[in-house]
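Asker: Provide a 3D model corresponding to the input given below.
(one chain, ligands or ions: 1)
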Amino acid sequence: MADYTKMWTELGLDLAGHDALLGVLGGAYTDIFLSQKNRPEGMKYFDFVMSEVHGLRIQELMDAKAQGRKVIGSYCVFVPEELILAVDGVSVGLCAGAEFNSEGAETVLPRNTCALIKSAFGFKLGRVCPYLEASNVVVGENTCDGKKKSYEMLAPMVKDLYVMDMPQMKSASGRTLLKEEYKRFAAKLEAVSGKKITIESLKKGIDTVNAKRAAVKRLTALRAADPAPISGLDALLINQVFFYDDPVRFTASVNTLCDELEERVKKRTGVFAAKTPRLLISGCPMAVPNWKLPMLIESSGAVIVGEESCVGERGARWITDAKSQTMDGLLDQLTDRYFNIDCAIFTPNPSRVAYVKDMAKKLGATGVIHYSLQFCQPYIMESGPVENDLEKSGIPTLRLETDYSQEDAGQLKTRIEAFVERLQKK
Ligand code: BJ8
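Answerer: Okay, the predicted model is just below:
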């Protein structure tokens with residue numbers, strides 16, 4: 001990586017803390033990703049993106065800002081990238097997946113807060129996230145209680161925090177609220193950027209995001225093959241890069257990789273042997289660089305073939321039908337697309353488990369690992385009923401609760417290995 005010290009200094013990063021973070025991440029990436037066997041050539045692009053995730057990509061954001069474009073950071077897949085693109089903005093994900101400065105985070109948050117929220121605060125207080133520091137607007141959303149209340153603490157720490165209200169039920173009034181909130185967000189984006197959202201610009205934004213999601217859906221479908229043409233770790237990485245990269249370049253790179261994977265499937269080339277136990281992960285999102293669980297699973301004799309998660313299927317599976325010729329119609333279609341998302345903050349939320357079963361069938365998974373972050377009430381609450389339902393349907397399920405630390409890695413590995421053994425005997 002080139003020397004970006006000047007850029008990081010201008011962004012106000014704490015250089016020593018940032019160096020320490022990059023050092024740990026670089027080492028983990030080498031150990032976890034680069035040591036894998038039989039990786040597709042197309043992963044080289046994503047290795048490059050990761051090697052420059054705090055370098056070249058941030059330089060691109062700064063160049064975009066110099067041209068008058070706005071960088072909009074967000075923490076949730078309910079924030080529509082389509083609207084951000086419609087004002088020629090740049091959308092970046094801000095969820096954090098590393099244990100960093102937990103002590104700092106715990107000075108403003110209760111100890112029993114999930115690792116994802118704590119990590120985001122640890123990054124902010126430690127001044128180590130260039131995406132957060134580069135954002136003109138940070139968008140929060142009233143999803144779980146942890147996020148909702150933590151935005152009150154975040155507000156004085158960032159330049160412009162904008163909070164979106166969120167429905168909690170899939171009702172007509174819930175949908176009306178979501179559409180109103182998207183209208184309000186569109187107005188905010190217009191005010192910040194000084195650009196008007198037109199039917200053409202919104203359609204273009206929708207097309208760009210649809211193409212990105214279609215590429216990821218293509219990747220998902222290819223993972224149905226046995227042997228699996230790509231590891232779960234690499235597929236997760238692509239789903240994580242989804243939130244940072246330039247959308248058009250990302251789409252092209254995923255499609256190039258998929259061309260290669262199609263050839264692999266034809267030749268029955270895989271990353272693991274055929275008949276390796278196949279697992280789905282379902283539950284909380286895994287923000288970059290949260291690779292702990294997939295690494296433990298894929299080093300325990302199983303391959304991950306899908307992620308029922310916002311960093312995965314829940315974020316990418318619906319495409320917006322943008323046929324309307326009016327602004328209001330397009331906003332309706334956008335709302336319809338996002339209102340499908342079956343996050344556990346909704347009550348009741350039956351479509352989620354139904355989709356896990358559907359995914360298991362389509363992708364040939366013989367077991368599910370339900371992953372919850374400690375203190376994440378929505379997903380922990382849902383995990384019992386999800387497990388019961390899946391087990392009743394003949395899908396063995398293992399429920400795990402963890403955080404970003406490595407302390408429980410040995411214990412988790414023992415439980416995962418026992419679960420894989422159960423699948424092998426089945
Ligand atoms: S749509 S999953 S991205 S809210 S892990 S912070 S839920 S206590 S991340 Fe999410 Fe949007 Fe839903 Fe997806 Fe709270 Fe749980 Fe923490 Fe979570």
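Asker: in the lengthiest helix in the chain, what counts as buried?
Answerer: Assignment by DSSP state H gives helix 199-222 as the longest helix of the chain. Neighbour-count burial for helix 199-222 flags 201-206, 208-213, 215-220, 222 (criterion: 16 or more other CB atoms under 10 Å). (Glycine included, C-beta is placed from N, CA and C.)
Asker: do stretch 287-303 as well
Answerer: Judged by neighbour count (16+ other CB under 10 Å), stretch 287-303 contains these buried residues: 287-298, 300, 302-303.
Asker: pLDDT on that stretch, on average?
Answerer: Stretch 287-303 shows a mean pLDDT of 97.
Asker: cool, and stretch 49-60?
Answerer: Mean predicted confidence for stretch 49-60 is 97.
Asker: I would like the residues contacting it, please.
Answerer: Defining contact as CB atoms under 8 Å, 6 or more residues apart in numbering, one finds that stretch 49-60 is touched by 1-2, 4, 7-8, 11, 18, 22, 26, 29, 33, 130-131, 134, 237, 241, 244-246, 288.
Asker: first vs last residue of that stretch, how far apart are they?
Answerer: Length of stretch 49-60, first residue to last, CA to CA, to the nearest Å: 12 Å.
Asker: Which positions in it come out as buried?
Answerer: Residues V49, M50, E52, V53, H54, G55, R57, I58 are the ones in stretch 49-60 that count as buried (16+ other CB under 10 Å).
Asker: wait, which of those residues is closest to the ligand?
Answerer: Nearest to the ligand, judged by CB to the nearest ligand atom, of the buried residues of stretch 49-60 is V53 at 19.6 Å.
Asker: so the closest one, which of the three states?
Answerer: coil (DSSP: H, G, I helix; E, B strand; the rest coil).
Asker: Please tell me how far it sits from P289.
Answerer: From V53 across to P289, the span is 9 Å (CB to CB, to the nearest Å).
Asker: go on, S324?
Answerer: Taken as CB to CB, the span from S324 to P289 is 39 Å.
Asker: what does the stretch 201-350 of the chain have sitting close to the ligand?
Answerer: Taking CB under 6 Å from any ligand atom as the contact definition, the stretch 201-350 of the chain meets the ligand at C284, P285, C310, I341, C343, I345.
Asker: Pick the one among those residues closest to V90.
Answerer: C310 (19.9 Å; CB to CB).
Asker: A344 is in contact with the closest one, correct?
Answerer: No. Using CB atoms under 8 Å, C310 is not in contact with A344; the gap is 10.4 Å.
Asker: so what sits against both of those two?
Answerer: If you check C310 and A344 against CB under 8 Å, 6+ apart, no residue is contacted by both.
Asker: so how far is the strand or helix carrying R57 from its chain's centroid?
Answerer: Assigned by DSSP states H and E, R57 falls within helix 56-66. When distances are taken as CA atoms, centre = their mean, to the nearest Å, helix 56-66 is centred 22 Å away from the chain's centroid.
Asker: How about residues contacting the next helix or strand after that helix?
Answerer: Where DSSP H and E defines the elements, the next helix or strand beyond helix 56-66 is strand 71-74. Residues from elsewhere that reach strand 71-74, judged by CB under 8 Å, 6+ apart: 61, 64-65, 79, 84, 89-94, 131-132, 134-141, 189.
Asker: hang on, the earlier thing: out of the buried residues of stretch 287-303, which one sits closest to the ligand?
Answerer: Checking the buried residues of stretch 287-303 against the ligand by CB to the nearest ligand atom gives A287 as the nearest, at 8.3 Å.
Asker: quick one, phi psi at that closest one?
Answerer: Main-chain torsions, A287, degrees, to the nearest 10: phi -80, psi 150.
Asker: same question, the one 4 residues further on
Answerer: Main-chain torsions, W291, degrees, to the nearest 10: phi -120, psi 10.
Asker: Next: F100.
Answerer: Backbone dihedrals for F100, given as degrees, to the nearest 10, come out at phi -150, psi 130.
Asker: what's the pLDDT at the most centrally placed residue in the chain?
Answerer: For the chain, V311 is the residue whose C-alpha lies nearest the centre (CA atoms, centre = their mean; 2.7 Å). pLDDT, V311: 98.
Asker: Let me know the average pLDDT across stretch 368-385.
Answerer: 98.
Asker: how about I304, secondary structure?
Answerer: I304 is classified as strand under three-state DSSP.
Asker: what does Y162 give?
Answerer: Under three-state DSSP, Y162 falls in the strand class.
Asker: Which residues are in contact with it?
Answerer: By CB under 8 Å, 6+ apart, the residues touching Y162 are V137, V138, V139, G140, F185, K188.
Asker: which of those residues lies closest to A252?
Answerer: The closest of the contacts of Y162, once distances to A252 are taken by CB to CB, is V139, at 26.7 Å.
Asker: Report how many residues lie close to the residue in the stretch 151-300 of the chain that the ligand sits nearest to.
Answerer: The ligand sits closest to C284 of the stretch 151-300 of the chain, with a gap of 4.3 Å, by CB to the nearest ligand atom. For C284, the number of neighbouring residues by other CB atoms under 10 Å comes to 26.
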